[in-house]
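S.K.: quick one: sequence plus predicted model below, questions after.
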6 protein chains.
Amino acid sequence: MAFVDMTLKKLRDYLPARPEPTDFDAFWAATLAEARTHPLAARFEPVESRLSTVEVEDVTFSGFGGQAVKGWLTRPANAAGPLPTVVEFVGYGGGRGLPHERLVWASAGYAHLTMDTRGQGSAWQVGDTPDDGPSGNSHPGFATRGVLDRDTYYYRRLYTDAVRALEAARTHPSVDPARVLVAGGSQGGGIAIAAAGLVGDLAGVVTDVPFMQHIRHATEITDGYPYKEIAEFCKVHRDKVERVFDTISYVDGVNFAARANAPALYSVALMDDVCPPSTVFASFNHYAGPKEIEVYPYNGHEGGGAHHVARALEFAQSVVG
Amino acid sequence: MAFVDMTLKKLRDYLPARPEPTDFDAFWAATLAEARTHPLAARFEPVESRLSTVEVEDVTFSGFGGQAVKGWLTRPANAAGPLPTVVEFVGYGGGRGLPHERLVWASAGYAHLTMDTRGQGSAWQVGDTPDDGPSGNSHPGFATRGVLDRDTYYYRRLYTDAVRALEAARTHPSVDPARVLVAGGSQGGGIAIAAAGLVGDLAGVVTDVPFMQHIRHATEITDGYPYKEIAEFCKVHRDKVERVFDTISYVDGVNFAARANAPALYSVALMDDVCPPSTVFASFNHYAGPKEIEVYPYNGHEGGGAHHVARALEFAQSVVG
Amino acid sequence: MAFVDMTLKKLRDYLPARPEPTDFDAFWAATLAEARTHPLAARFEPVESRLSTVEVEDVTFSGFGGQAVKGWLTRPANAAGPLPTVVEFVGYGGGRGLPHERLVWASAGYAHLTMDTRGQGSAWQVGDTPDDGPSGNSHPGFATRGVLDRDTYYYRRLYTDAVRALEAARTHPSVDPARVLVAGGSQGGGIAIAAAGLVGDLAGVVTDVPFMQHIRHATEITDGYPYKEIAEFCKVHRDKVERVFDTISYVDGVNFAARANAPALYSVALMDDVCPPSTVFASFNHYAGPKEIEVYPYNGHEGGGAHHVARALEFAQSVVG
Amino acid sequence: MAFVDMTLKKLRDYLPARPEPTDFDAFWAATLAEARTHPLAARFEPVESRLSTVEVEDVTFSGFGGQAVKGWLTRPANAAGPLPTVVEFVGYGGGRGLPHERLVWASAGYAHLTMDTRGQGSAWQVGDTPDDGPSGNSHPGFATRGVLDRDTYYYRRLYTDAVRALEAARTHPSVDPARVLVAGGSQGGGIAIAAAGLVGDLAGVVTDVPFMQHIRHATEITDGYPYKEIAEFCKVHRDKVERVFDTISYVDGVNFAARANAPALYSVALMDDVCPPSTVFASFNHYAGPKEIEVYPYNGHEGGGAHHVARALEFAQSVVG
Amino acid sequence: MAFVDMTLKKLRDYLPARPEPTDFDAFWAATLAEARTHPLAARFEPVESRLSTVEVEDVTFSGFGGQAVKGWLTRPANAAGPLPTVVEFVGYGGGRGLPHERLVWASAGYAHLTMDTRGQGSAWQVGDTPDDGPSGNSHPGFATRGVLDRDTYYYRRLYTDAVRALEAARTHPSVDPARVLVAGGSQGGGIAIAAAGLVGDLAGVVTDVPFMQHIRHATEITDGYPYKEIAEFCKVHRDKVERVFDTISYVDGVNFAARANAPALYSVALMDDVCPPSTVFASFNHYAGPKEIEVYPYNGHEGGGAHHVARALEFAQSVVG
Amino acid sequence: MAFVDMTLKKLRDYLPARPEPTDFDAFWAATLAEARTHPLAARFEPVESRLSTVEVEDVTFSGFGGQAVKGWLTRPANAAGPLPTVVEFVGYGGGRGLPHERLVWASAGYAHLTMDTRGQGSAWQVGDTPDDGPSGNSHPGFATRGVLDRDTYYYRRLYTDAVRALEAARTHPSVDPARVLVAGGSQGGGIAIAAAGLVGDLAGVVTDVPFMQHIRHATEITDGYPYKEIAEFCKVHRDKVERVFDTISYVDGVNFAARANAPALYSVALMDDVCPPSTVFASFNHYAGPKEIEVYPYNGHEGGGAHHVARALEFAQSVVG
């Protein structure tokens, strides 16, 4: 993949209009209020992981519709809390994985909650949380599940889970509620931005090559999946294109970015045809809080990789260290 | 795709053991009994289709779990019934389509009911029936939706819909209940075989390059989708392979074929890597009723195409003409 | 395929210069005059098709060079004529198919003549008409057959066949000569435009994602076949590029569009890399008769599919109903 | 491409039945007799090529149907003839090329006639000879041109050209008629074998990875073009498969090989999916004259390349040196 | 990738002849003796990694030819040694990576040395050790670097580095020399087997989908890289095939496996076309020490992934716990 | 590949800034001076090639670091020298080949020296010259071998070989030192331009679709190899991008072009995604000597092929005839 989008100079100034419905805030307020009618019921159960430097707990809490959502909480063994904490969301197709898969945040001294992704977890990292919501007539995948109605759309459920995951994390004795960051890459990065737009008191946001930003534009400029799922759906349902994008306007990351206030570290890759640079910059340029962005010119959707992990550790330390 | 499987000579003799659970019949009896606790509620409403030689009706009936399932009923205009009838099921990813898409059976003098495919209809031909059932953690697509439990598996719901579609068709005044065939290609052909195994009094079965036959073997010999979805699921859920195939044994077409009694016309293509020939012959060779098979040596999954439509018209006439 | 061409806004205004040779009209007048020196010899012979709502006749008439060209005429059974009529041309690689393959126009009450495509019919829908003309040194395919001389070029023969097919249709007792439309998709759409430019008294034109429009531009912006055949020929015959495009200027659809007068319905798809949008809009914007265009943003060369069939039925009714 | 076929051990013994029609010899005798009713009319005209060590002449002679066929004759400048001579045929899609493209045989002291390939020469090396014969309804390419009738099949014309090219070469004063070899790779190798089966007094045959050998088997085991053209034709014309292979039995190289008597050098590559090893060995094992075969285990259709050119020079010297 | 090789039943019995040169042991004894003429010069320097549960040291030691080779040593912070230890080798194209990339072994209580791979580390995980040895005329990549002579072949250097890495690890105060395992996947698994064949006193071997086993066979049955590099080299150097495989016989893992004595855990994937199952089983079946193998039927070269990490932790504990 | 770059009109004016280090000339002066400290030691040994119109000699001379570099010298048999001479360099991955592979220049009356390419010659045309220099941590291939330091970069060695090859050619009795051209395609064209910038007294330059021109831009606009190797290296070594391009500025062809004075014939292809047109025009437009460029609109990296060989013969004759 050569450079797939505008020049970097243009990207830095790219501030497209946001497709924001007038009742965006009301929709999300009602959605979260409904979720909160179910008891949070956060549970943390120790897991035998064969690891000794960290302790792992199996997490359960009530997400959208009161459905039980899973996760792992990993933290330094015998740490005297409360700890700065990272709540992480996972990329498209993956779930929370196995207890020993994601060790870097806990090894760096953080409490680290990885939220499972409802319905996903069968394409790479395993998941354990089904998606009980309605799926409608969808293109294979999750990006068009229930998309014909904003109330049945999959990402409404998933973002609500994320807000509840933050609430669950803050009930754990090792977690310092004042020092909670959200983090994630690709879909996980999109969820992190949504959480930052919906939850007002986060300490920081680490979002890498985020998905679900400036979505309609994405479907027009890339053939990469999973944005392509939406285009494929519209290809068949030629008469429902506007209805699809009406729903999608309620979950577009640019609208959450415009509401966020926590310090954010974005990353973007100029050869990324999965989450093209102009979609990431559209989100970054609309982001309302303090912000920095790391640009990786020769990378695709893998973005900054291990180099950027170091950068993220540095950023996290700067906001909660 | 060159010849993708055994020689034709070996295919004709290929009779592998069937993966049949001991409670197969009990499972399906209970499943259908549960479905029949919901009133069938078959409705047929005339549609304005701009067509004049045929009349089209919008069909609704109660499928699995009592969920409303859609279809089209198309028949010669002003026909004096009752008519011989074809109930057709659709290939993977498609739905019932638009009223003017499938005209050949009605143009040939049959009442023709096309059943919509729950949840599908966003990959090629449009669909209008959501899938309200649980989807669990699935690989994108339908072949692993709810696969970790035989009770939640998608194909349990879909095959039940098919049985109910037959019951609905038989309530229509133009349909002659004694002259009902089932038909379909690929997934539709697999549903037709399932229906033939579950419903004892059909007049004929037309099944082309059927999917969901000798399934585990298929996942071992082809990379073609949608069988590949199952392999992809097992690739991630390495610890659940046997559980997956335990569920799948309840929907494998070879088990339905062994219970069918209606005259059947199969077709198979020797360069088909979507539904490889040995999976089709496994089903055909286990088929318990009178049977014929048309072999297309130089075809892939498109099978016999329009040539075979003529063959199917001839076959249908021979059994109900 | 993401959006493959200019923005829709620019497409609507795109009016490139036409590569029109000064003797364009003389060339075609002479060509048609030559063809008409052969008796038309239109014959219609009933076919046994197993269909009952429509009647099918096997058509033969004299095309270019007096060569016998085949077709099917399909019409509502027992219709009291004369009927509004659609003469349809077929997409690249296909022929007239089998008698039961294309039922929608007759089912909607039209007489429907499908013209076979000389030499084609071995890539998808079968054909029965050989191409007796000289083929020269051509790249595999039809787009460069005889291209080094305007007199030997394949599309000269094919367009002439189309004009003769219209003349043949009008000899049939069921056809109302005052209510004849031409229709087709891709190559068939290109032939329809050529016919509309060569025949002055058509009732309408239905042309979907037409091929052979603004041809040289197409070879510069897409790698899609069959335009690519021309580019491949020029790749080898580096010294004959201008000679190729001199020939091609005699068959470029933009020149026929500028001469047409019948009401036209175009369709175009913004992700179509076979017949890119700017080539379709170049033709549409030059079209001299009343015109409408349906834009399918998320479609490739499949265009509007069954949705657009409904749109075409509506359009046809509006002009001949 | 890993090893694509049987083990080398099995290949050496592979002697399948030949699909030989009873009137094979009569067919070819009549075909050549018809061609010889046209005067050979061989002409050799000097060409300005900017080369000094060799002289090049533009060749014209009467091929099938008396049609003018082109070629180049290249020979060492100022050579005292008569010379040993190589008549070379070209691979699929190519023509005779430009005068300076094939220098190795003349540089090694041979008179070298490269025959143009009728109709071809627009896919890689340019050609100048049109194919005036009937092309029928063919799949794009040459392998199914006119294939529904043995009399109209393209390869009947092409092999006849080859026999006439040999006759033409022998009229040139520099050519020693007693020391004429035929040579070629892929399609050119297939033509060489055909020529060896039709012409009794050749000094040698150099055939590399030959095409058109054991043809039906080839269409069953490989997806490589151009054999795939035949499979694609049969894919569409499902009802004409036997008719296709009846025609093809008249041009299958295994039948010519069984009639040849000149010493032959074959080459074969074990990773060749264009002309799979078992098709080449079928021909080699049926070859009736003295024979050797060079096996290239890690090569695809490029075969022995420049290494094998050295081997061929050595072989040629051994038979005519 | 469907099943790519023999049935599992045949794989379990597959014991092909080993291509073992008579001076195999002498060659390696001389090679290691030469390497040991250079002082080992193992150095361990603390690294600032932002991690707190583990400590990381930058490792340097003398490998083949006395060249400085890098690595990381990671261990639980403040652990009271000596510890059981894992020396890990990296897959093809990767280097030692960054200090925070591989945390699982240290998090489980082991000292963990990751050896850098000379010359590699520019395709995925970064590397810091150049390859100073001669590279000859090689196909792009490492598998044919210097392959025309066993003394200049790249893998001679790399395996020697591995032996020296073990010697270096054992000089570290936290390492218990009696409890050292080797581990690795793909190329890393091949190096682990080589080390186990060259070093007599290891506590265990964890080798996943190992590369460089039964090599010539691999080049004949798969098109996957990096084995394909060897085939590509032989494709061009047609005259040097035997010379290539003579060199390769000195580094084939089956010969090392036949000399190993430590308990080994292999893994293999039945859809792995990079390191096909028969090459892995050839090695496993020749392995001379206690052994187990985990079979992943639906996996490709990713093998058992995180599930197998748990299995490897269990195995390691069983041999050194 | 459709047109891959700017319009031809823009290309003709495209004159980007050159990335020229201030010590460019000093670097190369020192590099060549170092090479010349080694005796040139040019040797020419007759080869038995089975050719008679030309004589071939095996060439050896001292290249970079005094390393022995190979070549072939081919010339008309029994020519009375001194002759105009072409020194040719080879495309990426290839070596000097076999003695009978490149005959056109000698057949046209030139002495023709083909220089081997150190380390290459295992991807298509064979090579016989190893690359003894350091390779560092490189991406598979040659474009990043030693790229982290200008002194260790592979192309420093290769360009130095080229200058020495010219010096070697001029010592041959058949070579007229006043009439020496350099020639090559792709990488060979890039070497020719470098040689023209480093050697002041050449008679002409024939450079086809040259590689290594305007290099950083190339890595940003194409995914074609071998430019992609550099992008892949930067993808992994995210922290070393500027260091890579600092090295590369010492070998960028645009800097050599700006120093050349010999008459040059360039060729460029508008559908070339290996060496995109804007990189070729950047070089051409900076070229300081007399110059012409041939544009092939419908070609990819094969460029003008045999047609352009004729053009090059004409050009060569015009400058040294």
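M.R.: Right, received. Where do you want to start?

S.K.: so where's chain A uncertain?
M.R.: Low-confidence segments of chain A (pLDDT under 70): A:1.

S.K.: try 90 this time
M.R.: Under the criterion pLDDT under 90, the flagged ranges of chain A are A:1, A:78-81, A:132-138, A:321.

S.K.: may I have the secondary structure class of the residue of it found nearest chain F?
M.R.: Per C-beta to the nearest C-beta, residue A:298 is where chain A lies closest to chain F, at 3.8 Å. Where C-beta positions appear, they are placed from N, C-alpha and C, glycine not excepted. Following DSSP: H, G, I helix; E, B strand; the rest coil, the label given to residue A:298 is coil.

S.K.: relative to chain E, how far out is it?
M.R.: 12 Å (C-beta to the nearest C-beta, to the nearest Å).

S.K.: what residues are up against that residue?
M.R.: Counting by C-beta atoms under 8 Å, 6 or more residues apart in numbering or on different chains, residue A:298 touches A:270-271, F:219, F:231-232, F:234-235, F:238, F:241.

S.K.: and it, its phi and psi?
M.R.: Torsion angles at residue A:298 (phi, psi; degrees, to the nearest 10) stand at phi -100, psi 20.

S.K.: now do the helices in chain A.
M.R.: For chain A, helices defined by DSSP state H occupy the ranges A:8-13, A:24-36, A:104-107, A:154-169, A:187-198, A:215-221, A:227-236, A:241-248, A:253-257, A:277-286, A:305-320.

S.K.: what parts of the stretch 201-321 of chain A come near chain E?
M.R.: Applying C-beta under 8 Å from any C-beta of the partner chain, we find that the stretch 201-321 of chain A lies next to chain E at A:306-307, A:309-310, A:313-314, A:317.

S.K.: neighbour count and distance to chain D for the residues you listed - can I get that in JSON lines?
M.R.: Shown next, in JSON lines, are those (neighbours: other C-beta atoms under 10 Å in any protein chain shown; distance: C-beta to the nearest C-beta, whole Å):
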{"residue": "A:306", "neighbour count": "20", "distance to chain D": "34"}
{"residue": "A:307", "neighbour count": "19", "distance to chain D": "37"}
{"residue": "A:309", "neighbour count": "19", "distance to chain D": "38"}
{"residue": "A:310", "neighbour count": "18", "distance to chain D": "41"}
{"residue": "A:313", "neighbour count": "22", "distance to chain D": "45"}
{"residue": "A:314", "neighbour count": "12", "distance to chain D": "47"}
{"residue": "A:317", "neighbour count": "14", "distance to chain D": "51"}
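
S.K.: with adjacent residues omitted, what lies nearest to the residue of chain A closest to chain F?
M.R.: In space, and not counting its chain neighbours, residue A:298 is closest to residue F:234: 3.8 Å by C-beta to C-beta, 6 or more residues apart in numbering or on different chains.

S.K.: for that neighbour, which residues are in contact?
M.R.: Residue F:234 is in contact with A:297-298, F:219, F:240-241, F:244, counting by C-beta under 8 Å, 6+ apart.

S.K.: same question, residue A:25
M.R.: Applying C-beta under 8 Å, 6+ apart, no residues qualify as near residue A:25.

S.K.: what's residue A:219 in contact with, if anything?
M.R.: For residue A:219, the contact set (C-beta under 8 Å, 6+ apart) comprises A:227-228, A:230-231, A:234, C:2, C:298.

S.K.: check the gap between it and residue B:291 for me.
M.R.: 47 Å (C-beta to C-beta, to the nearest Å).

S.K.: where exactly do the strands run in the stretch 51-200 of chain A?
M.R.: For the stretch 51-200 of chain A, the strands defined by DSSP state E, counting those that start in this stretch cover A:54-62, A:68-76, A:83-89, A:111-115, A:175-185.

S.K.: now the second one: buried residues?
M.R.: What it means is strand A:68-76. Residues A:68-76 are the ones in strand A:68-76 that count as buried (16 or more other C-beta atoms under 10 Å in any protein chain shown).

S.K.: grab the most central residue of chain A for me.
M.R.: Centroid check for chain A by C-alpha atoms, centre = their mean gives residue A:191 as the closest residue, at 2.0 Å.

S.K.: residue numbers of the stretch 151-300 of chain A in contact with chain B?
M.R.: Proximity of the stretch 151-300 of chain A to chain B (C-beta under 8 Å from any C-beta) is limited to residues A:232-233, A:236-237.

S.K.: if we can go back for a sec, list just the nearest of the buried residues of strand A:68-76 to chain C.
M.R.: In terms of C-beta to the nearest C-beta, no member of the buried residues of strand A:68-76 lies closer to chain C than residue A:69, at 32.8 Å.

S.K.: excluding sequence neighbours, find me the nearest residue to that closest one.
M.R.: Nearest residue to residue A:69, sequence neighbours excluded (C-beta to C-beta, 6+ apart): residue A:63, at 3.8 Å.
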